[in-house]
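Q: output the structure for:
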Amino acid sequence: MTLVYQSTRDAHNTVTASQAILQGLASDGGLFTPTTYPRVDLDFALLKDASYQEVAKLVLSAFLDDFTPEELDYCINNAYDDKFDTPEIAPLVKLNGQYNLELFRGSTIAFKDMALSILPYLMTTAAKKHGLENEIVILTATSGDTGKAAMAGFADVAGTQIIVFYPRDGVSKVQELQMTTQTGRNTHVVAIDGNFDDAQTDVKRMFNDSDLRDKLAAHKLQFSSANSMNIGRLVPQIVYYVWAYAQLVKAGDIHAGDEINFTVPTGNFGNILAAFYAKQIGLPVGKLICASNDNNVLTDFFTTGTYDKKRAFKVTTSPSMDILVSSNLERLIFHLVGNGAEKTKELMEALLEKGEYSLTDADAAILDLFAAGFATEEQTAAEIKRVYEENDYIEDPHTAVASAVYKAYKEETGDSRPTVIVSTASPYKFPVVAVEAVTGKTGLSDFEALENLHDLSGVAYPQAVDGLETAPVLHDTVVATADMQKAVEDYLQV
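A: Purely as a prediction, here's the structure:
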């Protein structure tokens with residue numbers, strides 16, 4: 001029986017996996033979400049020796065079950081190839097007291113590559129499957145990494161356009177240059193005078209604007225999303241949790257069936273939600289530790305049951321987590337209220353209208369799976385330094401947030417289960433932060449810091465930053481948040 005994906009806001013709005021991937025966001029504003037979970041044979045006696053591609057085939061064929069085996073092979077083999085600088089795709093590094101799952105070995109040195117390498121293939125395959133003649137317009141907001149990874153994936157892919165909005169003062173210089181130097185005739189990048197939440201809110205509004213949808217359709221265009229709001233972005237992220245567990249079994253550090261924890265730095269909640277789905281298909285997970293920076297809205301939610309975005313937005317050294325409206329939390333809320341679309345819609349409308357909602361009656365077993373904490377700027381810098389001094393290994397600030405939160409969690413609970421820190425970006429993406437934390441040097445430019453980081457870490461320059469300083473800037477548009485739709489219409493000539 002084909003897996004059903006339902007909108008979190010309307011029980012009657014159901015689609016298959018390929019339809020969900022094409023649409024990106026449900027027309028009612030909800031997110032397509034599985035209401036049941038597929039059966040997956042997680043036999044770690046076999047999986048410990050499987051390649052990343054083989055683990056991907058196992059997981060994706062279960063969740064994306066209206067794709068044929070041949071279609072999935074095509075997507076997987078084109079995604080997980082030599083774009084990654086290691087054949088393991090996602091190496092697991094053993095440090096003092098933790099394991100770091102390096103998800104930054106792809107072409108843009110951030111974890112978004114893990115899913116955005118495959119999404120274009122899934123999307124174009126789905127379009128062919130459904131005889132879609134419209135050009136697909138990928139419309140996305142980014143807090144720094146999704147934009148570059150999505151553009152790298154979709155650049156010059158036939159039948160697609162991609163438009164990325166980012167907060168002008170809310171990303172690192174390296175992140176900004178990675179986006180503004182992106183080649184590809186179908187790529188468009190726009191900075192906004194606002195923060196990520198402003199960009200994401202208006203992107204969602206455009207998705208739900210029926211007049212704009214009709215205008216696009218008249219020009220044989222339709223929106224889809226590369227954010228983790230798209231189930232085709234989220235499902236491939238489940239793979240690396242299964243893969244990490246298999247690597248621990250292979251190393252002899254755990255036995256199949258032993259519980260482990262994952263600590264995930266997250267702003268939009270997609271990455272940790274993928275770990276939740278891995279647990280639902282049988283991965284032996286003890287705790288999922290949700291790590292936030294000073295924008296600690298998720299920590300407060302898991303502590304109090306109230307989600308309250310009415311607070312100051314803070315620009316931090318871990319900008320990909322500078323988010324106050326965690327879109328993917330909506331999927332977890334849906335599950336917490338017994339897959340109740342009506343209740344979920346009511347809560348999301350309260351968030352929009354009042355800036356907060358409270359969850360009074362929730363599935364206790366699901367809530368109990370999560371722990372949450374946050375790291376301040378000072379704690380994050382101190383953690384980068386500690387990990388370097390103890391392991392001669394440099395974490396980026398997002399990974400350091402997770403590392404610091406895990407350290408505090410372990411001290412508070414005494415939980416001694418093996419724990420994987422989900423390492424979401426290379427320190428080369430945030431060189432000034434990393435070098436300042438380790439050495440105390442201040443006032444460095446990004447490119448001076450890159451040289452220092454190379455000397456400190458002994459790690460070769462990733463291709464993603466090599467030559468970035470001299471690459472020509474191809475995108476320099478800046479608009480007010482109120483003018484985002486006009487920019488989209490201008491690019492698409494509608």
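Q: so who does the residue with the largest distance to the centre of the chain touch?
A: The outermost residue of the chain, judged against the average C-alpha position, is residue 218 (32.3 Å), by C-alpha atoms, centre = their mean. By C-beta atoms under 8 Å, 6 or more residues apart in numbering, the contact set of residue 218 is residue 494. C-beta coordinates here come from the backbone N, C-alpha and C atoms, glycine included.
Q: sec struct for residue 233, please.
A: Look at residue 233: counting by DSSP: H, G, I helix; E, B strand; the rest coil, its state is helix.
Q: and residue 289, helix, strand or coil?
A: Residue 289 is classified as strand under three-state DSSP.
Q: residue 212 is in what secondary structure piece?
A: helix 210-218 (DSSP states H and E).
Q: mean confidence for that helix?
A: For helix 210-218, mean pLDDT is 96.
Q: from the chain's centroid, how far away is it?
A: Mean-position distance between helix 210-218 and its chain equals 28 Å (C-alpha atoms, centre = their mean, to the nearest Å).
Q: and if you look at stretch 114-134?
A: With C-alpha atoms, centre = their mean as the basis, stretch 114-134 stands 19 Å off its chain's centre.
Q: for it, which positions count as buried?
A: 114-127, 129, 132, 134 (16 or more other C-beta atoms under 10 Å).
Q: and it, average pLDDT?
A: Here stretch 114-134 scores 95 as its mean pLDDT.
Q: just the endpoints, please. Distance across that stretch?
A: Distance across stretch 114-134, first residue to last, is 27 Å (C-alpha to C-alpha, to the nearest Å).
Q: with stretch 32-47 instead?
A: End-to-end distance for stretch 32-47, by C-alpha to C-alpha: 29 Å.
Q: so how far is it from its chain's centroid?
A: With C-alpha atoms, centre = their mean, you get 20 Å for stretch 32-47.
Q: what residues of it count as buried?
A: For stretch 32-47, the buried set under the neighbour-count rule, 16+ other C-beta under 10 Å, comprises 32-34, 38, 40, 42, 44, 47.
Q: show me those residues that map onto helices.
A: Of those, the ones assigned to helices by DSSP state H are 44, 47.
Q: as JSON lines, the buried residues of stretch 32-47 with distance to residue 329 and pLDDT would be great.
A: Listed next are these as JSON lines, based on distance: C-beta to C-beta, whole Å; pLDDT from 0 to 100:
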{"residue": "32", "distance to residue 329": "15", "pLDDT": "98"}
{"residue": "33", "distance to residue 329": "12", "pLDDT": "98"}
{"residue": "34", "distance to residue 329": "16", "pLDDT": "97"}
{"residue": "38", "distance to residue 329": "23", "pLDDT": "97"}
{"residue": "40", "distance to residue 329": "24", "pLDDT": "97"}
{"residue": "42", "distance to residue 329": "26", "pLDDT": "98"}
{"residue": "44", "distance to residue 329": "30", "pLDDT": "98"}
{"residue": "47", "distance to residue 329": "30", "pLDDT": "98"}
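Q: among the buried residues of stretch 32-47, which two are most distant?
A: Farthest-apart pair in the buried residues of stretch 32-47 is 32 and 44; separation 29.8 Å (C-beta to C-beta).
Q: assign residue 165 to helix, strand or coil.
A: strand.
Q: who's in contact with it?
A: 140-142, 147, 190-192, 199, 202-203, 484.
Q: quick check: beta-bridge partners of it?
A: residue 141, residue 190 (DSSP bridges).
Q: read off the pLDDT value for it.
A: 97.
Q: quickly note the distance from it to residue 150.
A: Distance of residue 165 to residue 150, computed by C-beta to C-beta, to the nearest Å: 12 Å.
Q: what are the buried residues along stretch 398-412?
A: 398-410.
Q: swap in stretch 10-24?
A: 10, 13, 15-24.
Q: so of those, which ones are in strands?
A: Within the buried residues of stretch 10-24, membership in strands is found for 10, 13, 15, as judged by DSSP state E.
Q: the stretch 251-400 of the chain: helices as residue ranges?
A: With DSSP state H, counting those that start in this stretch as the criterion, the stretch 251-400 of the chain has helices at 270-280, 297-304, 329-336, 341-354, 364-369, 377-391, 397-413.
Q: to what extent is residue 223 buried, counted in neighbours?
A: When neighbours are counted by other C-beta atoms under 10 Å, residue 223 registers 23.
Q: ok, and what's touching the helix or strand harbouring it?
A: Residue 223 is part of strand 221-224 when elements are defined by DSSP H and E. Residues outside strand 221-224 that contact it (C-beta under 8 Å, 6+ apart): 21-25, 123, 132, 134-139, 161, 206-207, 213, 216, 230, 492, 494.
Q: in helices, which of those fall?
A: Using DSSP H, the contacts of strand 221-224 in helices are 21-23, 123, 206-207, 213, 216, 492.
Q: ok, these vs residue 352, which is closest?
A: Nearest to residue 352 among the ones in helices among the contacts of strand 221-224, counting by C-beta to C-beta, is residue 207 at 14.2 Å.
Q: from residue 485, how far off is that closest one?
A: Residue 207 sits 11 Å away from residue 485, going by C-beta to C-beta.
Q: and these two? Which one has more around it.
A: Higher neighbour count among residue 207 and residue 485: residue 207, with 20 against 15, using other C-beta under 10 Å.
Q: with adjacent residues omitted, what lies nearest to the more buried one?
A: Using C-beta to C-beta, 6 or more residues apart in numbering and skipping the chain neighbours, the partner closest in space to residue 207 is residue 25 (4.6 Å).
Q: and the one you found, what are its phi and psi?
A: phi -120, psi 140 (degrees, to the nearest 10).
Q: residue 31 is in contact with that one, correct?
A: Yes: if you go by C-beta atoms under 8 Å, residue 25 and residue 31 touch, sitting 6.8 Å apart.
Q: anything in contact with each of those two?
A: Residues touching both residue 25 and residue 31 (C-beta under 8 Å, 6+ apart): residue 229.
Q: okay, the two: which has more neighbours?
A: Taking neighbours as other C-beta under 10 Å, residue 25 and residue 31 compare with residue 31 leading, 27 against 24.
Q: excluding covalently adjacent residues, which one is nearest to the more buried one?
A: residue 8 (5.0 Å).
Q: run a quick neighbour tally on that neighbour.
A: Counted by other C-beta under 10 Å, the residues lying close to residue 8 total 28.
Q: which residues sit in contact with it?
A: 26, 30-33, 330-331, 333-334, 341, 344-345, 348.
Q: redo these as TSV? Include distance to residue 374.
A: Shown next, in TSV, are those (distance: C-beta to C-beta, whole Å):
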residue	distance to residue 374
26	31
30	28
31	24
32	30
33	26
330	21
331	21
333	20
334	24
341	31
344	25
345	29
348	23
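Q: what's the closest of these to residue 74?
A: Checking the contacts of residue 8 against residue 74 with C-beta to C-beta, the nearest one is residue 32 at 22.8 Å.
Q: so residue 156 touches residue 120, yeah?
A: No: between residue 156 and residue 120 there is no contact under C-beta under 8 Å: 10.2 Å.
Q: secondary structure class for residue 197?
A: Note that with three-state DSSP, the state of residue 197 is helix.
Q: how close does it get to residue 298?
A: 14 Å.
Q: between these two, who's got more neighbours?
A: Higher neighbour count among residue 197 and residue 298: residue 298, with 26 against 22, using other C-beta under 10 Å.
Q: quick check, the more buried one in contact with residue 266.
A: Yes: Residue 298 lies in contact with residue 266 (C-beta under 8 Å); the separation is 7.1 Å.
Q: now do the shared contacts for the two.
A: Counting by C-beta under 8 Å, 6+ apart, the residues touching both residue 298 and residue 266 are 290, 292, 326.
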